[in-house]
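Peer 1: Take this sequence and fold it.
(one chain, ligands or ions: 2)
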Amino acid sequence: MADEIVNVNEFQVLARQALPKMYYDFYAGGAEDEHTLKKNVQEFQRIILLPRVLVDVSSIALSTNILGYTISAPIMIAPTAMHKLAHPEGELATARAAAACNTIMTLSFTASCSVEEVAASCDAVRFFQLYVCKRRDIAVNLVQRAEKSGYKAIVLTADTPRLGRREADIKNKMILPQLKNLEGLMSIEVFSDKGSNIKPNTNEIFDPSLCWRDIAWLKYITNLPILIKGILTREDAIKAMEVGAAGIIVSNHGARQLDYTPATISVLEEVVQAVGRRVPVLLDGGVRRGTDVFKALALGAQAVLVGRPVIYGLAAKGEAGVRKVMQMLKDELELTMALAGCPSVEDISRGHVRTDRDRLQSML
Ligand SMILES: Cc1cc2nc3c(=O)[nH]c(=O)nc-3n(C[C@H](O)[C@H](O)[C@H](O)COP(=O)(O)O)c2cc1C
Ligand SMILES: CCCCCCC(=O)C(=O)O
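Peer 2: Ligands and ions are numbered 1, 2, ... in the order given. Have a look, this model is predicted:
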């Protein structure tokens, strides 16, 4: 590949070259047939842009506000596990890049650096992603530590009562190391000869009984706003608001949980309509281009989060790679806005995109 990296997808190629196959497959893979994994990207490509001309775009304002925090562009970092498998500096490098880009990083429960280490490494606005374990004291411990370390929100992942079936990890006998955030609280089994340890540990540790009424408990143990991640339907969006979620993340976990769920961009509008601007709706899954960010905003998302692109940047070039990934998406969004006639993110409207549903409706 030529020296100049010109888009986010090229980082995936570099990451594949840089990483042992087992780790690359862990990061890149999805569940079962990987149908949803492909759809997450393809459904963005089916949406057409409808630019407006003769708009003054001599200056473009990308910045936006999420739960009261101003960020430089509506592109945030999704929680993803184990960054030290991608780069020795792990989440510390990712967090520094988030700070340099003035965006929000969501630290994963299954990070390879602790909430405290990441908090000490940079002044980025940070959210903490929580899996609720059968041992509820672990959530109490982690949420309190996140609050004390200055994290600004809890992102509750709701789509993982069990682990999705990721066949590459099974074949590769992928082993996850100990979870840094659980040091002194609980250790995971690191089997070496019984196949991958991811599924047995997840199913042993995570609480499959977690349900809507537990949000009241979570709100009782923290003063931080709670965003619910993993919403794909209007019904669940309404329930999330009823239980007092401060925000919703439309997500299918990067297609790693239930295969044949819809591409996130294809259900975004349904969720946005159900929410009706009462709380912010964010989206992740398949965002690889500034045009994708634009499309998500046009369909009502307040911002997007990116998962794999960040890991690929980290694996290829450490902190600088993550910065470059975020900068490329930002630059592409800026150009898209200029060419579409949108001087600010508030100017991006439903009228700037045409979806399959619009095409069908126009034929009726
Ligand atoms: C390697 C990997 C690890 C992930 N780990 C977590 C996690 O620990 N917690 C979580 O809520 N989501 C996790 N996710 C899902 C992401 O937060 C996000 O929903 C997804 O990556 C978005 O799709 P994208 O990778 O196409 O951007 C993970 C995704 C990947 C690819
Ligand atoms: C007990 C370890 C579970 C790791 C799951 C991380 C994750 O959400 C993902 O890989 O996706």
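
Peer 1: wait, does stretch 152-160 contact ligand 1?
Peer 2: Yes: Stretch 152-160 lies within reach of ligand 1 by Cβ under 6 Å from any ligand atom, at Thr157. Backbone N, C-alpha and C define where each C-beta goes, glycine included.

Peer 1: Dump that stretch to CSV, restricted to CA.
Peer 2: What follows is stretch 152-160, C-alpha atoms only, in CSV (Å, rounded to 0.1, in the frame of the first residue of the first chain):
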residue,chain,number,x,y,z
LYS,A,152,-19.4,11.6,32.9
ALA,A,153,-21.9,8.9,32.0
ILE,A,154,-22.6,5.2,32.3
VAL,A,155,-23.2,3.3,29.1
LEU,A,156,-25.2,0.2,30.0
THR,A,157,-24.8,-2.5,27.4
ALA,A,158,-28.1,-4.2,27.1
ASP,A,159,-27.6,-6.7,24.3
THR,A,160,-25.3,-9.2,26.0
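
Peer 1: Average pLDDT for it, rounded please.
Peer 2: Stretch 152-160 shows a mean pLDDT of 98.

Peer 1: Can you tell me what sits against it?
Peer 2: Stretch 152-160 is contacted by residues 67, 69, 79, 104, 106, 109, 125-132, 143, 146, 202, 206, 210, 215, 218, 222, 224-231, 246-247, 249, 251-253, 257-258 when judged by Cβ atoms under 8 Å, 6 or more residues apart in numbering.

Peer 1: again, only this time at 6 Å
Peer 2: 67, 106, 125, 127-131, 222, 224-230, 253, 257 (Cβ atoms under 6 Å, 6 or more residues apart in numbering).

Peer 1: List buried members of those by neighbour count.
Peer 2: 67, 106, 125, 127-131, 222, 224-230, 253, 257 (16 or more other Cβ atoms under 10 Å).

Peer 1: If we check ligand 2, which of these are in contact?
Peer 2: Counting by Cβ under 6 Å from any ligand atom, the members of the buried ones among the contacts of stretch 152-160 near ligand 2 are His253.

Peer 1: out of the buried ones among the contacts of stretch 152-160, which are inside helices?
Peer 2: In helices, judged by DSSP state H, none of the buried ones among the contacts of stretch 152-160 are found.

Peer 1: Any idea how many residues pack against the closest residue to Met328 other than its chain neighbours?
Peer 2: Distances taken as Cβ to Cβ, 6 or more residues apart in numbering put Val8 closest to Met328, at 5.7 Å, once the chain neighbours are dropped. Residues contacting Val8 under the criterion other Cβ atoms under 10 Å number 24.

Peer 1: now check whichever strand or helix holds Tyr23, is it near ligand 2?
Peer 2: Secondary structure assignment for Tyr23, by DSSP states H and E: helix 21-28. No: applying Cβ under 6 Å from any ligand atom, one finds helix 21-28 separated from ligand 2 by no less than 7.1 Å.

Peer 1: nearest residue to Val279 other than its sequence neighbours?
Peer 2: Gly247 (5.1 Å).

Peer 1: if I look at that neighbour, how far off is ligand 1?
Peer 2: Gly247 sits 14 Å away from ligand 1, taking Cβ to the nearest ligand atom, to the nearest Å as the criterion.
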